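Colleague: Pasting the sequence and the predicted coordinates here, then a few questions.
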Amino acid sequence: MSEQKKVSLIAAHGGLDWGYPPFIIASAAAALDMDVQIFFTFYGLTLLKKKIDLKVTPVGNPTMPMKMPFGPKFFQNIDWPIPNFMTGNLPFFDNIATGLMKMTFKKHGVASLEELREVCQDVGVKFIGCQMTMDVFGFKKDEFVDGVEIGGAAMMLEYAVDTDIQLFL
């Protein structure tokens, strides 16, 4: 009989679009009976806050699809190519992109980040918040959901050195 596989994830991004991969991969790995740890550092720490209020921004992401998830069927399948230089200059465009993404996720039955995070905790995924990043950005442990451990890079590496899969997200 083989030993339980181990997965080490580093969540370093805090945008709405980057919030999903750590929780989706972690919950899938745990469902496959793998031991999983996520180390949250830099902007990824925002994923540990009790209430997650993240945005997505198309700036710097030229591959972001701009299909309309609403309105007449005809408009839903048209790509609306908006140049990156415009998305950064249009007021409130990140709010529009965030709203469109949330609407699209809801339409397709995708769980919220809070729901996915809770699933991860329910299946035993271990959450580690980066102490150095907390100190630098002024985060306090009581801002985070229950069950978060605080540690540094050495703590993450002690776990990761013996893992089967390591991903930086």
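Modeller: Yep, it's here. Numbering: from 1, shown residues only.
Colleague: where exactly do the strands run in the chain?
Modeller: 6-11, 35-40, 126-130, 149-151, 165-168 (DSSP state E).
Colleague: Any chance of CSV for those, columns distance to residue 140?
Modeller: In short, each C-beta sits where N, CA and C put it, glycine included. CSV is the format used below for the strands of the chain (distance: least, CB to CB, whole Å):
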stretch, distance to residue 140
strand 6-11, 19
strand 35-40, 14
strand 126-130, 10
strand 149-151, 10
strand 165-168, 26
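Colleague: Distance to residue 104 and mean pLDDT added to the ones you listed, as a markdown table?
Modeller: Below are the strands of the chain laid out as a markdown table (distance: least, CB to CB, whole Å; pLDDT from 0 to 100):
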| stretch | distance to residue 104 | mean pLDDT |
| --- | --- | --- |
| strand 6-11 | 22 | 98 |
| strand 35-40 | 25 | 98 |
| strand 126-130 | 27 | 98 |
| strand 149-151 | 34 | 98 |
| strand 165-168 | 25 | 96 |
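Colleague: CSV for the ones you listed, including distance to residue 111 and mean neighbour count?
Modeller: Listed next are those as CSV, based on distance: least, CB to CB, whole Å; neighbours: other CB atoms under 10 Å:
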stretch, distance to residue 111, mean neighbour count
strand 6-11, 17, 24
strand 35-40, 17, 24
strand 126-130, 17, 22
strand 149-151, 24, 14
strand 165-168, 20, 14
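Colleague: between those, which gets nearest to residue 107?
Modeller: Comparison of the strands of the chain against residue 107 by CB to CB identifies strand 6-11 as nearest, at 25.6 Å.
Colleague: Check which helices and strands the closest one sits against.
Modeller: Applying 3 or more CB pairs under 8 Å, 6 or more residues apart in numbering; DSSP states H and E, one finds that strand 6-11 contacts helix 16-31, strand 35-40, helix 153-160, strand 165-168.
Colleague: now, of these, which is deepest in the fold?
Modeller: Comparing these by mean neighbour count (mean count of other CB atoms under 10 Å), strand 35-40 ranks first with a mean of 24.
Colleague: so how far is residue 96 from residue 10?
Modeller: Distance of residue 10 to residue 96, computed by CB to CB, to the nearest Å: 30 Å.
Colleague: if I pick the residue positioned nearest the centre of the chain, what's in contact with it?
Modeller: Most central in the chain under CA atoms, centre = their mean is residue 19, positioned 1.4 Å from the mean C-alpha point. Contacts for residue 19 (CB atoms under 8 Å, 6 or more residues apart in numbering) come out as 13, 47, 52, 54, 113.
Colleague: So which of those residues wins on neighbours?
Modeller: Neighbour counts for the contacts of residue 19 peak at residue 47, which has 26 neighbours (criterion: other CB atoms under 10 Å).
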